[in-house]
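In: Pasting a predicted model and its sequence here:
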Amino acid sequence: MKNNKLVIIGGDAAGMTAASKVRREQPDREIIVFERGNHTSYSACGIPYYIGGLVESEDELIARKPEVFRQKQNIDVRIRHEVKGIDLRNKRIRVKNRDDGKDFWETWDDLLIATGASPFVPQMESVNSSGVFSLSSLQNGIDVFNFIEKEKPTKAVVVGGGYVGLEMVEAFIERSIEVILIDMAPQLMATIDKDMADLILAYMAEQKVEVFLEEKLLQFETNADGLVKSVVTDQQTIAAGLVILGMGVKPNSELAARAGIKLGARDAIQVNKHLETSAPHVWAAGDCAESFHLITQKQVHVALGTVANKQGLVAGINISGGSAEFPGVLGTAITKFKEMEISRTGLSEKEAKELKLDYQAETITSVSPAGYYPGAEKITVKLVVDSKSKRILGGQIVGFKGAAKRIDTLATAITAGLTAQQLVDLDLSYAPPFSTVWDPVQIAARRFV
């Protein structure tokens with residue numbers, strides 16, 4: 001088979017999913033994967049639960065180690081190899097072996113860029129202080145875990161109130177570490193509306209967690225040994241022996257940009273529905289690549305593990321000679337803080353307003369399971385619909401046990417183009433241990449019919 005060497009940059013979700021698919025379709029093809037870190041195919045989403053002690057070992061987060069790919073699938077995975085440049089004209093990449101420091105060139109016939117995303121880290125000298133961490137890889141999670149074991153900090157600060165921020169606050173509570181959360185935004189969880197975010201804020205207050213919003217991080221102060229001792233904002237100084245930065249992520253697209261490959265939404269690598277970039281025989285998938293939003297019909301950047309795995313599969317099909325399209329995203333996401341569950345999909349009311357859509361939004365509070373059944377708790381559902389067609393545009397759910405996974409019903413309804421009436425008409429399951437006779441998502445939909 002001529003022109004058969006596939007080179008993949010990045011050995012996590014998108015890269016290894018693509019590699020595995022190509023191997024299944026083309027058993028004899030040469031496949032080389034370069035991963036700058038120490039691990040492949042791991043669950044980044046599980047890192048906070050490992051740090052919190054709910055996952056016993058980092059090995060449990062690894063789906064498949066490099067040696068398994070090499071021995072069982074004949075995929076040449078090389079960890080601790082960082083790609084430093086892409087030469088499109090000569091179809092080669094420059095690679096640095098991080099162990100011996102040597103550079104070399106590797107040619108390719110097809111190239112997949114799956115370089116992921118990196119946490120946003122503010123430009124300040126003190127950000128490199130010992131005890132200040134961002135969670136960009138499994139190794140970062142291991143480093144945080146080991147730091148806690150060695151230094152035994154009693155106070156921590158989490159900067160950023162998104163998914164990682166909430167999960168890390170919970171992790172520190174599990175480790176009996178006093179924790180404070182700060183965010184420069186006026187609300188937690190920027191991907192949901194403020195009225196829903198305020199429910200989370202109130203619950204965190206009930207759990208005795210201090211949250212300071214609309215506070216800007218200025219710097220970190222250290223002790224004589226170089227360990228972080230406090231976080232300085234524009235309003236106060238907070239004692240801390242450990243800091244986690246959870247201020248959002250940005251796509252790792254610099255490598256592609258330097259090579260002349262076009263960038264798109266939020267500087268993610270521009271791709272079409274086949275995951276092809278602007279350069280021939282070059283694909284991109286995962287957190288470094290843009291996606292197509294099913295409602296807005298525009299390109300967006302969504303850094304989620306679900307999206308990365310699906311894009312990797314589509315890229316793998318196409319690289320191995322098939323024809324597949326990545327259909328698009330809704331930004332469906334879910335998380336929890338202690339007992340409170342949080343999820344969202346589609347457009348928030350804020351997004352619908354920014355897009356100048358003619359929409360309606362309604363919020364209801366119900367219970368789940370049935371109110372008379374032991375353990376019934378509040379569940380709040382917010383829906384956004386098109387004012388004329390009543391087609392569902394988005395949904396958010398905040399509640400307790402069993403609440404958040406209902407977002408999958410809404411994601412399915414939005415993908416299928418269902419109206420509020422059609423959601424009401426769905427033959428959903430019911431029994432008192434699980435739900436009210438009208439499921440809360442249907443109760444919310446009834447507000448529009």
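Out: Nice, I can see it.

In: which residue is nearest the centroid of the chain?
Out: The chain has residue 304 as the residue nearest its centroid, 3.4 Å off, counting by CA atoms, centre = their mean.

In: which ones are touching that one?
Out: Listed by CB atoms under 8 Å, 6 or more residues apart in numbering, the contact partners of residue 304 are 287, 329, 331, 332, 333. Using the backbone N, CA and C atoms, a C-beta is placed for each residue, glycine as well.

In: Look at it and report its pLDDT.
Out: For residue 304, the model assigns a pLDDT of 95.

In: Looking at the contacts of residue 304, spot the one nearest residue 449.
Out: residue 332 (23.8 Å; CB to CB).

In: so where do the helices sit in this protein?
Out: 13-25, 47-51, 66-73, 138-151, 163-174, 194-206, 254-258, 305-319, 349-354, 407-415, 420-425, 440-446 (DSSP state H).

In: right, and those - which one's nearest residue 376?
Out: helix 440-446 (11.7 Å).

In: just to revisit the earlier point, hey, least reliable of the helices of the chain by pLDDT?
Out: Lowest mean pLDDT of the helices of the chain: helix 66-73, a mean of 92.

In: picking up where we left off before, for the contacts of residue 304, give me a markdown table that also has pLDDT, neighbour count and distance to residue 250.
Out: Shown next, in a markdown table, are those (pLDDT from 0 to 100; neighbours: other CB atoms under 10 Å; distance: CB to CB, whole Å):
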| residue | pLDDT | neighbour count | distance to residue 250 |
| --- | --- | --- | --- |
| 287 | 97 | 28 | 9 |
| 329 | 98 | 23 | 18 |
| 331 | 97 | 21 | 17 |
| 332 | 98 | 21 | 21 |
| 333 | 97 | 21 | 18 |
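
In: Next, check the residues you listed against the strands and list the overlap.
Out: residue 333 (DSSP state E).

In: which residues touch residue 396?
Out: 192, 193, 196, 343, 344, 345, 348, 381, 382, 407.

In: now, which of those residues sits nearest residue 367?
Out: residue 381 (11.5 Å).

In: other SSEs contacting the helix or strand bottoming out on mean pLDDT in the chain?
Out: Least confident element among the helices and strands of the chain, by mean pLDDT, DSSP states H and E: helix 66-73 (a mean of 92). On a contact count with 3 or more CB pairs under 8 Å, 6 or more residues apart in numbering; DSSP states H and E, helix 66-73 meets helix 13-25, strand 76-79.

In: send the alpha carbons of it over as PDB?
Out: Coordinates of each C-alpha in helix 66-73 appear next as PDB, following Å, rounded to 0.1, in the frame of the first residue of the first chain:
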ATOM      1  CA  PRO A  66       1.300   3.000  25.300                       C
ATOM      2  CA  GLU A  67       2.700  -0.500  25.500                       C
ATOM      3  CA  VAL A  68      -0.800  -1.900  24.900                       C
ATOM      4  CA  PHE A  69      -1.200   0.100  21.700                       C
ATOM      5  CA  ARG A  70       2.300  -1.100  20.600                       C
ATOM      6  CA  GLN A  71       1.900  -4.700  21.500                       C
ATOM      7  CA  LYS A  72      -1.800  -5.400  20.700                       C
ATOM      8  CA  GLN A  73      -2.500  -3.000  17.900                       C
END
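
In: Return the distance of residue 209 relative to residue 180.
Out: As judged by CB to CB, to the nearest Å, residue 209 and residue 180 stand 8 Å apart.

In: what residues are shared contacts of the two?
Out: By CB under 8 Å, 6+ apart, no residue touches both residue 209 and residue 180.

In: so where's the chain uncertain?
Out: In the predicted model, the chain carries pLDDT under 70 at residues 1-3.

In: of all the contacts of residue 396, which comes closest to residue 282?
Out: residue 345 (31.3 Å).

In: Would you agree that closest one is in contact with residue 351?
Out: No. If you go by CB atoms under 8 Å, residue 345 and residue 351 don't touch, sitting 11.7 Å apart.

In: more crowded one of those two?
Out: residue 345 (27 against 20; other CB atoms under 10 Å).

In: need the contact list for that one.
Out: Listed by CB under 8 Å, 6+ apart, the contact set of residue 345 reads 330, 331, 332, 333, 394, 395, 396, 407, 410, 411, 414.

In: Could you rerun that using 7 Å?
Out: With contacts defined as CB atoms under 7 Å, 6 or more residues apart in numbering, residue 345 is in contact with 330, 331, 332, 394, 395, 407, 410, 411, 414.

In: give me the number of residues near the fourth one?
Out: Number of residues near residue 394 (other CB under 10 Å) recorded here: 27.

In: in the sheet, who's paired with it?
Out: Assessed by DSSP bridges, residue 394 has beta-bridge partners residue 346, residue 384.

In: Relative to the whole chain's centre, how far out is stretch 431-441?
Out: 30 Å (CA atoms, centre = their mean, to the nearest Å).
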